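Engineer: Quick check, what structure comes out for this input:
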Amino acid sequence: MDPHLRETAGPLSESLPPLTGNAAAVESDRCLYCYDAPCTHACPTHIDIPGFIKKVATGNLRGSAQVIYAANLLGATCARVCPVQELCEGACVLGADHNPIAIGRLQRYVMDYASAHGIMPETHLPSASGRVAVVGAGPAGLSCAGELARNGCSVTVFEKRPFGGGLSTYGIIGLREPVEIALDEVGMIQKLGVQIICEKEVGVDLTLPELQRDFDVIVLSTGLGRTPSLDIEGEQAIMDGLEFIEASKTSLDTLKIGARVLVIGAGNTAIDCATIARRLGAEHVTIVYRRSEDEMTCYRHEYEFALREGIEFRFLSQPSRVLVHQGQPAGLECLRVELGPRDQSGRPAPVVIAGSQFTLEADQIIKAVGQQKPSIASLFGVRTVNGFIAVDGNFETSIPGVYAIGDCIRSKGAASTVMAVQDGKLAAATIRRRLQPASASSEAI
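Structural biologist: Numbering: from 1, shown residues only. Take a look at the predicted model:
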């Protein structure tokens, strides 16, 4: 592994230990192997969950891995970062009266076995030919690239960062996914025949006309941008939440943690930032949120986890100014708010209470209030919806032959790794049909 991307250890190592062989066998034997299983329907990539678990129970881990790969090439990542409590495990029929099957941990067990034993996804007889450029090596792009490559296409992925993996590499806390897991999956996609060219940014090093000249199809999977501005005085002293998480994975030795840390925002990224600060020695960590507990965008289980970590929450508090001393934050001035009519997000809008200023002490402030809309939309001139790239039912943008997948198109609903992976898989199926040789198309009819 590159020395700049070291395995996370200590207080930020994976929160759950891997299952032992005996524990995996016992857990898989609990499964009822439901017909038309609710867990499979709840999985956005529709993994045959009873199928892979039954193979675990019979000791066929190679076969189990292929069941997972058939639906999800990034099964190792999704086993770790998926909100299984809300998805597959939340739908488990044993959940009402017993403990649900530990589907995520069983999937991780199988995927770790596959990695250790060099088990690759099965490739298929070539069903398409053509050259595809994928812009962005995050989960959506890797999923699409891998699916196309295993079906005969020539795929090149362009990634502006030094390493592939997107948020899996740089933006997901090590408690959930260590760097080496993300990079291992990047390597697996490369072994399928995908060429990944890093430190090559479209719009800087490449242009749309150049891509259209050299490739039959272009797929945009650029995710979103950095955290947007709060537009408050002293904001230059605030650290970007995604940069904070990245530093915890790439330069932990030099990451400075304050004694009193404030995190602005209440999504899953905010919870991750607060957890890092708490586990790395902050005495007091407080999440500041301008709405109430009911409007938080983080998962309920993440909120409860944060409370167990000793993280405090200040609701109905809107930051208005950062107090700065010698270039460093000294506190955060806030205004108390009450909730008014619903805004465009569908949530009650915060309304400032006059004369309600108060100050929270802090020597480190981090903002985690979402991400900016995809800048590549304006660069390519594609049609947008609320700032996100607009696509049709086949993931094609307003420019013929240019597709888009992942967070950059998620104008509605929650964005997640597993949804990005599914986008990649579905888009690949559409692109394969587009690139299918005429003879094969006529035979299919």
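Engineer: Just the buried positions in the longest helix along the chain, please.
Structural biologist: Across the chain, the helix with the greatest residue count (assigned by DSSP state H) is helix 417-435. Within helix 417-435, the residues scored as buried using 16 or more other C-beta atoms under 10 Å are 417-432, 434-435. C-beta coordinates here come from the backbone N, C-alpha and C atoms, glycine included.
Engineer: again, but for stretch 32-44
Structural biologist: For stretch 32-44, by 16+ other C-beta under 10 Å, it's 37, 39, 40, 42, 43, 44.
Engineer: Quick one: mark the members of those that sit in helices.
Structural biologist: Among the buried residues of stretch 32-44, the members found in helices (DSSP H) are 39, 40, 42.
Engineer: what number of residues lie near the residue nearest to the second one when sequence neighbours are not counted?
Structural biologist: Going back to what we said before, that points to residue 40. Leaving aside its sequence neighbours, residue 40 sits nearest to residue 49 (C-beta to C-beta, 6 or more residues apart in numbering; 5.1 Å). Neighbourhood size, residue 49 [other C-beta atoms under 10 Å]: 29.
Engineer: could you pull out the helices for the stretch 51-200 of the chain?
Structural biologist: With helices called from DSSP state H, counting those that start in this stretch, the stretch 51-200 of the chain shows them at 61-71, 75-81, 88-91, 103-116, 139-149, 167-170, 179-191.
Engineer: Go through those and name the closest to residue 156.
Structural biologist: Residue 156 lies closest to helix 139-149 among the helices of the stretch 51-200 of the chain, at 8.4 Å (C-beta to C-beta).
Engineer: Remind me what that closest one packs against, helices and strands.
Structural biologist: strand 131-135, strand 154-159, helix 179-191, helix 417-435 (3 or more C-beta pairs under 8 Å, 6 or more residues apart in numbering; DSSP states H and E).
Engineer: so how far is residue 373 from the closest residue to residue 415 other than its chain neighbours?
Structural biologist: Leaving aside its sequence neighbours, residue 415 sits nearest to residue 407 (C-beta to C-beta, 6+ apart; 4.5 Å). Using C-beta to C-beta, to the nearest Å, residue 407 is found at 10 Å from residue 373.
Engineer: so what sits against both of the two?
Structural biologist: In terms of C-beta atoms under 8 Å, 6 or more residues apart in numbering, residue 407 and residue 373 are both contacted by the residues residue 224.
Engineer: Between the two, point out the one with more neighbours.
Structural biologist: Using other C-beta under 10 Å as the criterion, residue 407 and residue 373 rank with residue 407 on top: 25 against 18.
Engineer: What lies in contact with stretch 414-427?
Structural biologist: Applying C-beta under 8 Å, 6+ apart, the contact partners of stretch 414-427 are 43-45, 71-74, 77-78, 81-83, 87, 138-147, 167-168, 172, 219, 221, 224, 297, 394-395, 403, 405-407, 409-410, 413.
Engineer: If any of those residues are buried, put those into a ChimeraX selection.
Structural biologist: Here is the ChimeraX selection string for the buried members of the contacts of stretch 414-427, based on 16+ other C-beta under 10 Å:
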select :43,44,45,71,72,73,74,77,78,81,82,83,87,138,139,140,141,142,143,144,145,146,147,167,168,172,219,221,224,297,395,403,405,406,407,409,410
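Engineer: distance of residue 14 from residue 174?
Structural biologist: Residue 14 is 7 Å from residue 174, where distance means C-beta to C-beta.
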